[in-house]
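Chemist: Sequence and computational prediction follow.
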Amino acid sequence: MARMSRKTMLIGAVAALALLGALAAGFVLLRPQPTDAWEFIGPNRTEIWTLAFDPTTPTTLYAGTGDGVYKSEDGGVTWRIAGSGLSPRSLVVDPATPTTLYAGEYSRLYSREGELRDEWRGVLKSEDGGATWRVMNNGLGERPEVDALALDPMNSQIVYAGTRRGIYRSDDGGANWRLIEPTGLVSTLVIDPMSPTTLYAGGSWRGVLKSEDGGATWRQISDDLDRASVRALLIDPANPRVIFAGTDAGVYQSEDGGETWRAVNDGLPEAADNGLPEGVGQDERRVTALFIDPSGVMYANVSDDIYRRAEREWRKVEVAVPAPRADVEGMFRLLAVDPRTPATLYVAVSYRDGISYLDGGLFRSADGGVTWQPIELAQAPSIP
């Protein structure tokens, strides 16, 4: 056997570490092909991360997946690929011009003959209903990762992005960005629909931040839950003073615009006593998304399950869909609740069998989770 040089060994070790890191981040890796071209190897092409409704025509919705954006114009019954070559974690539709969409991305990973290359684009914009996209990351800095996007409901030229560095604002439809709050990881960002200069942001270890001047200044308003990472925020559309926060310690509610908070966890799983402060390492009550339907019923992603809250108590929603094998455990992630039709839910399903994950597809329920119908996304073309 030929003896490897120190340089060759070092390159091999770096590539191996990169591959392991990609696996830990949820990427699907494909064997490199002997070609000079770069091959797309992650994120997972089949994973569905986000859904966004056209606010003027709610039967039109978009799904952000690992291999592009899909579009449905019949309420999710049929889908077609609207734009390939992007992997959005967040999608928003401009309410003033619904053919304009913004997508927030993490990195995309490519391989060529054992080498790895990553691509960081941050924010992309489409002005033709998702058919074509262009990168809009001027001012977002190097290696931008965007977790959350929000549009000013009264001036859609104003766009906010929650990133791993903090909060950015654009005043020209995403063409240019400036950092307005260097708070670190921001995973959720919402705007008061009645007063769009009022914003709330949540992330790791900072609780909830509030701005009342369009992001010029921010203050922490979450002394009641400041030890818990805030992963989701929801403003009650019927009363914007009522806000819900999804944290690692469950769900909290404020009735005074975020000044005070109380836990509303009746019916959620009990958090294990791990000897750490509340909300630290307690996966049983980790809330990653919150939704409310037109009738006022709330839904939450709690750990790997979905819960429904009515009459002040949470109850688990059973997602009764067939598993591919008997030895796998189901994981269910609520992606969206139809903003016009009560009890219409969209759920992404996946399975794990120890260390590996299997995609289970997208399902829709029109009766609050009693029954479920599978949704087939059209086959996307190859990713460039």
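Modeler: Great, that's in hand.
Chemist: and the nearest residue to Glu255 once chain neighbours are set aside, how many neighbours?
Modeler: Residue nearest to Glu255 in three dimensions, not counting chain neighbours: Val242, with 5.4 Å by CB to CB, 6 or more residues apart in numbering. (Glycine included, C-beta is placed from N, CA and C.) Per other CB atoms under 10 Å, the neighbour tally for Val242 reads 16.
Chemist: Check what pLDDT Val242 gets.
Modeler: pLDDT for Val242: 97.
Chemist: give me every residue that touches it.
Modeler: Listed by CB atoms under 8 Å, 6 or more residues apart in numbering, the contact set of Val242 reads Ile235, Asp236, Gln253, Ser254, Glu255.
Chemist: 10 Å - rerun?
Modeler: The contact partners of Val242, taken as CB atoms under 10 Å, 6 or more residues apart in numbering, are Leu234, Ile235, Asp236, Gln253, Ser254, Glu255, Asp256, Gly257, Gly258.
Chemist: next one: Asp213
Modeler: Asp213 sits in contact with Thr197, Thr198, Leu199, where contact means CB under 10 Å, 6+ apart.
Chemist: and the first one, helix, strand or coil?
Modeler: Reducing the assignment to helix, strand or coil with DSSP: H, G, I helix; E, B strand; the rest coil, the entry for Thr197 is coil.
Chemist: export the contacts of Asp213 to a markdown table and tack on pLDDT, neighbour count and distance to Gly139?
Modeler: Output for the contacts of Asp213, formatted as a markdown table (pLDDT from 0 to 100; neighbours: other CB atoms under 10 Å; distance: CB to CB, whole Å):
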| residue | pLDDT | neighbour count | distance to Gly139 |
| --- | --- | --- | --- |
| Thr197 | 97 | 15 | 21 |
| Thr198 | 98 | 19 | 24 |
| Leu199 | 97 | 26 | 19 |
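Chemist: Pick the one among those closest to Arg121.
Modeler: Nearest to Arg121 among the contacts of Asp213: Leu199, at 24.1 Å, using CB to CB.
Chemist: mind showing which ranges of the stretch 1-150 of the chain have poor pLDDT?
Modeler: Along the stretch 1-150 of the chain, the parts satisfying pLDDT under 70 run over 1-46, 107-119.
Chemist: from what I can see Pro322 touches Val328, true?
Modeler: No. In this structure Pro322 lies outside contact range of Val328 using CB atoms under 10 Å: 11.1 Å.
Chemist: tell me, what's touching the two both at once?
Modeler: Gly360.
Chemist: Compare the two (neighbour count), which wins?
Modeler: Each of Pro322 and Val328 has its neighbours counted (other CB under 10 Å); Val328 has more, 17 against 8.
Chemist: Just confirm the more buried one contacts Gly354, I think it does.
Modeler: Yes. If you go by CB under 10 Å, Val328 and Gly354 touch, sitting 9.1 Å apart.
Chemist: Without its sequence neighbours, what residue ends up closest to Ala103?
Modeler: Pro88 (3.6 Å).
Chemist: which residues sit in contact with Glu142?
Modeler: The contact partners of Glu142, by CB under 10 Å, 6+ apart, come to Trp120, Gly122, Arg165.
Chemist: Reduced to three states, what does it come out as?
Modeler: coil.
Chemist: From Leu234, how far out is it?
Modeler: Going from Glu142 to Leu234 by CB to CB, to the nearest Å gives 32 Å.
Chemist: Equivalent analysis for Met331, please.
Modeler: Counting by CB to CB, the gap from Met331 to Leu234 is 22 Å.
Chemist: Show me which of the two is the more surrounded one.
Modeler: When Met331 and Leu234 are compared for neighbours, Leu234 comes out ahead with 22 against 17, by other CB under 10 Å.
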